[in-house]
Every structure is written in structure tokens, then in C-alpha cells.
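Peer 1: Need coordinates for the below:
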Amino acid sequence: MNFDQARFNMIEQQIRPWYVLDQGILDLIAEIHREDFVPENYRTLAFADLTIPLGHGEVMMTPKVEARLLQALAIDPDDEVLEIGTGSTYLTSLLANLGGHVYSVDIYPDFTTAAAPKLNRYRITNVTLERGDAVSGWKKAAPYDVIVATGSVPVLSEDFQEQLKPGGRLFVIVGESPVMEATLITRVGKGEWASESLFETDIPPLVGALRPRPFKL
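Peer 2: Residues are numbered from 1 along each chain as shown. The predicted structure follows:
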């Protein structure tokens with residue numbers, strides 16, 4: 001398989017047509033090879049427009065969703081970033097190249113263990129890997145300029161927003177299958193946030209995410 005050609009096709013045929021026009025994002029995706037982060041048995045599908053199973057019921061987002069969220073977050077070089085769900089480490093690597101420091105937290109220790117050599121391969125040193133439950137955020141290093149939740153939440157609580165700095169941005173996918181809403185939330189003041197709907201998608205929920213109360217007559 002010609003990975004370079006497949007990567008080019010992914011960018012030009014999937015990502016760019018999905019309104020990702022930030023050339024810095026496109027160049028970064030060309031530089032960090034997605035096939036190095038997917039499970040070996042899915043390597044030839046690294047550039048396909050589909051989610052890739054990672055184990056534990058978790059998945060990699062599609063390439064166009066990863067690119068779109070990066071563009072929406074407009075990460076600055078000195079931003080402190082919280083990633084909730086390390087997963088494959090691919091998004092971790094992209095975030096680390098854009099921001100100042102990334103705190104990546106995962107509840108599954110095998111994901112965290114596998115992340116270190118992947119980061120070393122690309123000489124990425126500005127990531128702190130944490131093993132833990134960050135379904136309500138990660139107060140240990142709060143507040144953050146950027147928070148990214150790599151799993152969905154059926155109900156959005158204010159835990160994530162409260163851990164944003166003024167001007168901080170949160171990317172989170174809200175709702176229940178089959179239709180969820182990718183949302184960008186910006187902290188504009190104390191107790192005040194602006195919300196923007198980006199697109200619809202469908203990914204597994206974060207482990208332990210708050211679910212809606214059942215309706216009772």
C-alpha cells in the first residue's frame with residue numbers, strides 16, 4: 001500500500017472538502033503519520049472515513065472529525081490542553097504539536113502505556129500521560145486553555161466548562177446514538193459560556209458519563 005498517496009487522498013478528498021482549510025492543520029496531518037497510531041490489524045484502514053476500534057469499546061474518530069475539531073479549537077503555541085481519553089495517541093500527538101503542553105488522561109492503563117513509545121517516535125516531549133477517570137475533567141492541572149473530550153457525553157454537565165480559563169475552549173460531543181452534536185464551548189466570563197454547534201456525528205460515550213434521567217409519568 002502506498003501510504004503517502006493514501007494520506008494525500010485522505011487530506012484532499014475527505015478533510016479539505018469538510019471545510020478544514022487551515023493549511024497549518026493540513027500540513028500537520030501530512031507530517032504525523034496516522035498509520036503509526038492505529039492498531040496493526042487496521043493499519044491499511046488508517047485513512048478511511050470510518051471509526052477504528054481500539055479495544056474496550058473505544059474508537060478513533062474519523063480523520064475529518066479530528067481535523068475539524070483541531071481547526072475549531074484554534075490552539076495557540078502556549079496553550080495548556082486537557083485531552084480526556086488518550087486512545088490511540090494520534091490526536092494527542094496533533095494537540096502536542098499545536099499547543100504548549102498536553103495533559104492526556106485515560107481510564108485504561110494499556111492505552112497510557114502504549115502512548116509513550118508512540119510519542120517518543122515523533123520526539124514529542126510536551127505531554128503528561130495520566131491514568132485516571134476524567135469523566136468530570138481533571139482538576140489536577142486545571143484550569144486549561146483547551147479541553148478535548150474524545151468520547152461523547154449524553155448530558156453535558158458544567159464540570160468541563162468550570163475547568164476552562166477565561167477565553168478557553170471545549171470540544172465535546174453531546175447526545176445519544178445515533179445522532180450526537182459536536183459542540184464548541186468558549187468561556188467568555190465567570191459563569192458565562194458561548195456554545196456553537198459544529199456538526200453531527202456518533203461515537204461511544206466516555207466511561208461513566210452522566211446519562212439523562214428516565215422519564216416517569
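Peer 1: Report the central residue of the protein.
Peer 2: residue 150 (4.3 Å; C-alpha atoms, centre = their mean).
Peer 1: my guess is that residue is in a strand, correct?
Peer 2: Yes. Counting by DSSP: H, G, I helix; E, B strand; the rest coil, residue 150 falls inside a strand.
Peer 1: check contacts around it.
Peer 2: Residue 150 makes contact with 61, 83, 84, 85, 87, 91, 203 under the criterion C-beta atoms under 8 Å, 6 or more residues apart in numbering. For glycine as for every other residue, the C-beta is placed from the backbone atoms N, C-alpha and C.
Peer 1: from memory the first one sits against residue 88, does it?
Peer 2: Translated: residue 61. No. In terms of C-beta atoms under 8 Å, residue 61 does not count as a neighbour of residue 88; the distance is 9.4 Å.
Peer 1: ok, these two, which is more surrounded?
Peer 2: residue 88 (26 against 22; other C-beta atoms under 10 Å).
Peer 1: In terms of pLDDT, where does the more buried one sit?
Peer 2: Looking at residue 88, its pLDDT is 98.
Peer 1: how near is it to residue 16?
Peer 2: 22 Å (C-beta to C-beta, to the nearest Å).
Peer 1: ok, back up a step: quick one: which of the contacts of residue 150 has the most company?
Peer 2: Going by other C-beta under 10 Å, residue 83 tops the contacts of residue 150 with 29 neighbours.
Peer 1: any idea whether the nearest residue to that residue once chain neighbours are set aside is helix, strand or coil?
Peer 2: The shortest distance from residue 83 to any non-neighbouring residue, by C-beta to C-beta, 6 or more residues apart in numbering, is to residue 104 (4.3 Å). Judged by three-state DSSP, the three-state class of residue 104 is strand.
Peer 1: show me what contacts residue 104?
Peer 2: 83, 86, 89, 92, 95, 112, 115, 127, 128, 129, 130.
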